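Peer 1: I'd like to go over a predicted model; first the sequence, then the structure.
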Amino acid sequence: MPVLNMRSGFASADDLAEQMNGIGRRARAAGRKLALASAETKDVALRAIAERLRADRAVILRENARDVAAAKAAGQSQALIDRLTLDEGRLAAIADAVEKIGALADPVGRQVAAFERPNGLLIERIAVPLGVVGVIFESRPNVTADAGALCLKAGNAAILRAGSDSHRSAMAIAEAMRAGLEATGLPADAIQIVPTKDRAAVGAMLAGLDGCIDVIVPRGGRGLVERVHAEARVPVFAHLDGICHVYVAAAADLGMARTILLNSKMRRTGICGATETLLVDRACAGTHLAPLVAALLDASCAVRGDADVQAVDGRVTAATEADWRTEYLDAIISVRVVDGLEAAIEHIETYGSHHTDAIVTEDGDEAVRFLAEVDSAIVVHNASTQFADGGEFGFGAEIGIATGRMHARGPVGVEQLTTFKYRVHGSGQTRP
């Protein structure tokens, strides 16, 4: 059988399926060893990986510069280029995140519950690894390190498939991580990256690699996530869009609202936690709307608004029905005036994506209602939507933000990358 080489790729297109299944088999074998590794062994490996990422920074940044140059030559958007670009600071943050994951409590082996039955059986529910996690991502090279490190901490093997935009960067990061694993005696195949840009490799992963993949995590745009949902034959942790809202209620402090709004929208426009729609209560529109709109426009954010919003500033363009459903991932925002909390919640329910939504208000009762009634994975009171991030939640990093309702929801960290099994302790009991 042809051997997979991390640099040269597949021997030929004809044996793509067999090569992908080989990746799956090696991941399954590595995962079995990793599931039994001690917390100390995994943490030593994560520290070694962090050090290797720092030591290999020149190589990683060189490969990233090639990816960025190719993206610019292809006319990719500035938002995509921002997501793709690494520099010394961003790469240092990636290594630091890996180290922080190593410092987290080991999620494997936790006793989730314990109880005794009337017949004397003692039953424990114990956290165990999921097994093999497949991660398919597009332009963010940091996903390589975040996903690999989180899976390692939770005792899972990871199969990573980068998009063509970030392929060189991801390969360089993965090689550094595999070297860190080998240096500490853990199987390098616990973190594998698919070394081809062939889209058929994605289809092979979605089919489950002959039963070797236990869950798929897509990180990318709507096209990728829709394909994953449509074709996956294994469970999926995913969200389609990050259509996030900031609702400025009547009792909002204007200064706080302006600060939160600008951070929510403009800190990084290309991330899924960036706010895409501002809702302003009609009861405070007379005092709050114009300053908030002006702050956005002065920050070079294009504003698309309803008639009330257009009336306060001539620079506002008309919003269409499609704008309320659009994840811009750019310096563009839609703005609407609504008639109070009920209307704000209705708008979010109608047009939102159940990702992250925030209310700015000094009215505690109104905040409680918003947090209870908005059906999103993350709901926020008086803070930026850009806190929708595993690192900010204290998870060290995240493998993605899940907006479904099964198993994991919100930032998917190490605890969410475990499942459980039952241990039953008896003293000779038989079932009548």
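Peer 2: Alright, I've got the coordinates.
Peer 1: just give me the neighbour total for the closest residue to A388 other than its chain neighbours.
Peer 2: In space, and not counting its chain neighbours, A388 is closest to G273: 3.4 Å by CB to CB, 6 or more residues apart in numbering. Where C-beta positions appear, they are placed from N, C-alpha and C, glycine not excepted. By the criterion of other CB atoms under 10 Å, G273 has 22 neighbours.
Peer 1: now do the helices in this protein.
Peer 2: 16-35, 39-55, 57-73, 78-84, 88-103, 142-153, 167-183, 200-206, 222-231, 254-266, 282-298, 307-312, 340-351, 364-373 (DSSP state H).
Peer 1: please identify the most buried of those helices.
Peer 2: Ranked by average neighbour count under the criterion mean count of other CB atoms under 10 Å, the helices of the chain are headed by helix 142-153 at a mean of 29.
Peer 1: coming back round to it: wait, the residue nearest to A388 sits on Q386?
Peer 2: Yes: assessed by CB atoms under 8 Å, G273 is found in contact with Q386 at 4.8 Å.
Peer 1: one step back: distance to V412 and mean pLDDT for the helices of the chain - can I get that in CSV?
Peer 2: Output for these, formatted as CSV (distance: least, CB to CB, whole Å; pLDDT from 0 to 100):
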stretch, distance to V412, mean pLDDT
helix 16-35, 18, 94
helix 39-55, 18, 97
helix 57-73, 24, 97
helix 78-84, 19, 87
helix 88-103, 13, 95
helix 142-153, 8, 95
helix 167-183, 19, 96
helix 200-206, 18, 93
helix 222-231, 14, 87
helix 254-266, 22, 98
helix 282-298, 31, 98
helix 307-312, 36, 97
helix 340-351, 22, 98
helix 364-373, 21, 97
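Peer 1: to R161, which of the ones you listed lies closest?
Peer 2: Evaluated over the helices of the chain, closeness to R161 peaks at helix 200-206, with 6.0 Å, by CB to CB.
Peer 1: dig out what Y422 forms beta bridges with.
Peer 2: Y422 has the following beta-bridge partners by DSSP bridges: R125.
Peer 1: ok, A302 next?
Peer 2: Here A302, judged by DSSP bridges, has bridge partners I332.
Peer 1: any idea how far E321 is from it?
Peer 2: Remark: distance between A302 and E321 (CB to CB, to the nearest Å) = 18 Å.
Peer 1: neighbour count winner among those two?
Peer 2: Legend: neighbour count by other CB under 10 Å for A302 and E321, higher for A302 (15 against 7).
Peer 1: and the more buried one, how far is that from I271?
Peer 2: Distance from A302 to I271, by CB to CB: 18 Å.
Peer 1: residues contacting G220?
Peer 2: Contact analysis of G220 by CB atoms under 8 Å, 6 or more residues apart in numbering lists I136, F137, E138, S139, G163.
Peer 1: run the last query once more with 10 Å
Peer 2: Neighbouring residues of G220 by CB atoms under 10 Å, 6 or more residues apart in numbering: 83, 136-140, 143, 163, 165, 227-228, 238, 400.
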